Each structure stands twice: as structure tokens, then as C-alpha cells.
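A.B. asks: Test case, fold it:
(one chain, ligands or ions: 1)
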Amino acid sequence: MKTQVAIIGSGPSGLLLGQLLQRAGIANIIIERKDPAYILSRIRAGVLEQGMVELLREAGVGARLDEEGLVHDGFELAFDGRCERIDLKHLTQGKTVMVYGQTEVTRDLMQARDAAGGTTLYDADDVQLHDLKTDRPYVTFTRNGESQRVDCDYIAGCDGFHGVSRQSIPADSLKVFERVYPFGWLGVLADTPPVNEELVYANHPRGFALCSMRSPTRTRYYVQVGAEEKVEDWSDERFWNELKTRLPNHLAERLITGPSIEKSIAPLRSFVAEPMQYGQLFLLGDAAHIVPPTGAKGLNLAASDVSTLYRILLKVYREGRTDLLQRYSQICLRRVWKAERFSWWMTSLLHKFPDTDDFSQRIQQTELDYYVGSQAGRQTIAENYVGLPYEAVE
Ligand code: FAD
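C.D. replies: Numbers count the residues shown, from 1 in each chain. Here you go, the predicted model:
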């Protein structure tokens, strides 16, 4: 097989890039190791920045998002028994975020790809990338017991943190920056009405908690747990009791509980691999960087990488501007590191660390109090939360 862009991985990065390229008439093939049902069963992110929403609309998949997504003008920070609202819209001259599950984004993109006749090769085993430093790279894999090969101009590595793309770059050509946090998030999905119309991020002496939602009838709640904890040890009752303990009284009293329909523990990690390109291979999304989910940035960073590579490839194929390819990593990394910083800061401010003693707890509360007590502080939080602007490609 031959194509212009071979895309490894059919998560949100790969699907969104594929959809944008498809609409621009740039041929692409997605190679994915799992099947569609498995991909759609993954419960992950849920808060979309305005830049990502606009990109999804540009990709022609904005209709259901605009109908069913919940526009949020603000969120609550809970600490020291009180709640402080960050008014995103007011503090950022009209910007907001959209609550719409990653699973739904993926579903919309898969349907659009099917409708546009795009090729996705699911269940591909032993995917390998070859001749990345030449202008004729190619991808090999096994599918239905047969060896297959895709020749292309460029390879987009959209295969997540554990994928093969980043691993195909020689170790001495890559610098890795990493921080693993000594705790995880225990998440519960339940068909219950949200405790609050907007998200609530809570700092509590027992640890962090987050009240989020997927729709007016479906909630996604999290509590911070130790890195070694097992999901089997968390009955629904234990989870709800812990969540209530960590919320201010007025929220705990109105929390409606119910049976969990999904429960899992996600580890927290900050990770960046530099540069995000090697020869004709470009890394996007989780293949290149991970953030702890506290700032709601993981999925959104994947979207800004897609936007950058898409706009570069448009100029490459329409105007012959191959010089721009060299700038991909630099452009992405400037925004990636700012999101890494914000996610690390939110994590540091809201979680209980093994060495968090009474003094550190007071410092966290005072830092929160200082930020919410200052217009500049609130604005800093708001402009990062709604997402920093995408850099133009020219
Ligand atoms: P992925 O979604 O990981 O997709 C990669 C795709 O590549 C997958 O389909 C995979 O099957 C495929 N693949 C992997 N290896 C290969 C291979 N060798 N060959 C072919 N295909 C391969 N972000 C937030 O902003 N908020 C959250 O609340 C949040 N919660 C999360 C919870 C969990 C448990 C996890 C894991 C992540 C969470 N994230 C969250 C992060 C967010 O989901 C990711 O940033 C986002 O999925 C990145 O998309 P991606 O397409 O780059 O990678």
C-alpha cells in the first residue's frame, strides 16, 4: 500500500489528524493495534479547551458536540471548607471550556472517517517503522496472519505513551524529562446527577478530590489514592464516603450516590520527550508527552499538536514549504511545556504528598487563598485552564 501520511494509532490524535488531512485531500492510512470496540471502551478525558472545540468543528465533527456538549463558564476551587469560583468567561474575555467525553470525540471522529471513506487498519500486530531518516519511510505490520507494508512520505506517531513510534527513535537522539507522582486517581463513573453544575477541584488534608461530569445525568468523580492502592479494595460505599469527607459540607450534603458503572485507578505522571520529531517521523499527543490530569490538559495538548502538524502538512503539500517541517517540534514544545507547568502546579497545589505536614498544608491553603484573592491570580488560573493560544504556522 502507498499513502502520503501513515498514522500510527487511532486514538484522538490519530483520528483527528486523519480527519483533517482527509478533508484537505491529503491521503492517509491509520494503522491501529486494537479493534474499534476496545478503543471506544476507554473512559478518559472530558474537558475540551475552546481551541480543541474549534479544531473539531473545522474537522467537520462539531454537530453533536455543539448539541450535547456542556459549555462551562467557570469551575470551583474548594479548600479550607469553602468554595471559590473561577469565572473563566469573565476572566478571559469570553472564553469557556466544553464538557464532552473523550469517548464521544473518538466516536464522532470514527464515524466521520467511515463516512469519508478513510482507511483504518485495525488489529495490526508488530507494527514497525523503517527508514525514518530517508524520504521513503515505510511501516510494516502483521494483520490477519499476513505481513503488510505501507509506504509513505511522512509518519505521524499518534500511538500513545506505550506505542512503538517514540521507541523507534534511537535513545541518543531523544531527551526525556519525567516526574512520577507518588499517588493516583481513583475514578468512578455513575449515572447520578452532578453534585454541582460546574467542576469542583478540592484540596483536603486527606487528599485531592474532583467532581466532574459527562452529562446532566452522568458523573465522573475522583479521589486521590496511594500509588499502591488496588481498585478491588474500593467498594462503592467506601468511595462515596471518602469523596464526601473531602468536599465542603454544603456539597457533601447534596451529593447523590449510586452504583458505579466504571471504576479504575490512573497513575499520575509528567513526561516530555524532546525533540518531537526524528527524520520523517513526528510524535503527537501522549506519544510525546504526558501530564497529570489535574489541569485537564492531556487530550487538549494532543489537539494542539495535531493542529500544528496539520497546518505544516497543508503548506508542505500545497505550497512546497518543506522548510516548515523542521519547526514542528519547537512550535509544539513551547505550548507543551506551558501545559506541563500548569498541570504540575495544579497537582502540587491540590494534592497531599507523602511529606505534606501541617506546615505544607497551611502553605497550600494560603497559596490558594492568595491566588483567589487577587484578580491577577484568578486571571492566571483562568487563562491557563481555558488553554493558551495555538501558535501560528507561517
Ligand atoms: P491514546 O489515546 O493513547 O491513543 C493511542 C492509540 O494508539 C491507541 O488507540 C492505541 O491502541 C494505539 N497504539 C498503541 N500502540 C500501538 C502500536 N504499537 N501500533 C499501533 N497502534 C498502537 N486527559 C485529560 O485531559 N483529562 C483526563 O481526565 C484524563 N484522564 C485520563 C485517564 C486515563 C486512564 C488515561 C490513560 C489518560 C487520561 N487522560 C486525560 C489523557 C488523555 O486521555 C490522553 O492525553 C489522550 O488519550 C491522548 O490521545 P492520543 O491519541 O495521543 O493517545
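A.B. asks: Near the ligand, which residues of this structure? Just list them.
C.D. replies: Counting by C-beta under 6 Å from any ligand atom, the chain comes close to the ligand at 8-14, 31-34, 39, 44-46, 102, 124, 127, 158-160, 162-164, 266, 285-286, 293, 296-299, 302. C-beta here means a position set from N, CA and C on the backbone, and glycine is covered the same way.
A.B. asks: Would you mind checking those for buried ones?
C.D. replies: The neighbour count (16 or more other C-beta atoms under 10 Å) marks 8-14, 31-33, 39, 44-46, 102, 124, 127, 158-160, 163-164, 285-286, 293, 296-299, 302 as buried among the residues of the chain next to the ligand.
A.B. asks: Of the residues of the chain next to the ligand, which belong to strands?
C.D. replies: Counting by DSSP state E, the part of the residues of the chain next to the ligand found in strands is 8, 31, 127, 266.
A.B. asks: what two of these are the furthest from one another?
C.D. replies: Using C-beta to C-beta, those span at most 26.0 Å, a distance reached by 31 and 266.
A.B. asks: of all of the stretch 1-150 of the chain, which residue lies closest to the ligand?
C.D. replies: residue 11 (2.1 Å; C-beta to the nearest ligand atom).
A.B. asks: Sort the ones in strands among the residues of the chain next to the ligand by pLDDT and name the bottom one.
C.D. replies: Within those, the minimum per-residue pLDDT falls on residue 266 (94).
A.B. asks: so what's that residue bridging to?
C.D. replies: Residue 266 has these beta-bridge partners by DSSP bridges: residue 185.
A.B. asks: Now do the helices in the stretch 151-300 of the chain.
C.D. replies: Remark: helices assigned in the stretch 151-300 of the chain by DSSP state H, counting those that start in this stretch are 164-167, 236-246, 249-254, 298-319.
A.B. asks: Would you mind finding the most buried of the ones you listed?
C.D. replies: For the helices of the stretch 151-300 of the chain, the largest average neighbour count (mean count of other C-beta atoms under 10 Å) is found in helix 298-319, namely a mean of 23.
A.B. asks: about what we covered before: relative to residue 59, which of the helices of the stretch 151-300 of the chain is closest?
C.D. replies: helix 298-319 (9.0 Å).
A.B. asks: which residues in the stretch 1-150 of the chain form strands?
C.D. replies: Assigned by DSSP state E, counting those that start in this stretch, the strands in the stretch 1-150 of the chain fall at 5-8, 28-31, 47-48, 70-72, 74-79, 82-87, 97-99, 119-121, 125-130, 138-143, 146-151.
A.B. asks: Please enumerate residues in contact with the first one?
C.D. replies: Taking contacts as C-beta atoms under 8 Å, 6 or more residues apart in numbering, the residues outside strand 5-8 that touch it are 14, 17-18, 21, 26-32, 127, 129, 137-139, 150, 152-159, 163-165, 313.
A.B. asks: Same check on the second one?
C.D. replies: By C-beta under 8 Å, 6+ apart, the surrounding residues in contact with strand 28-31 are 1, 3-10, 14-15, 17-18, 21-22, 113, 118-121, 124, 127, 139, 141, 150, 152.
A.B. asks: Strand partners (parallel or antiparallel) of it?
C.D. replies: strand 5-8 (parallel), strand 119-121 (parallel).
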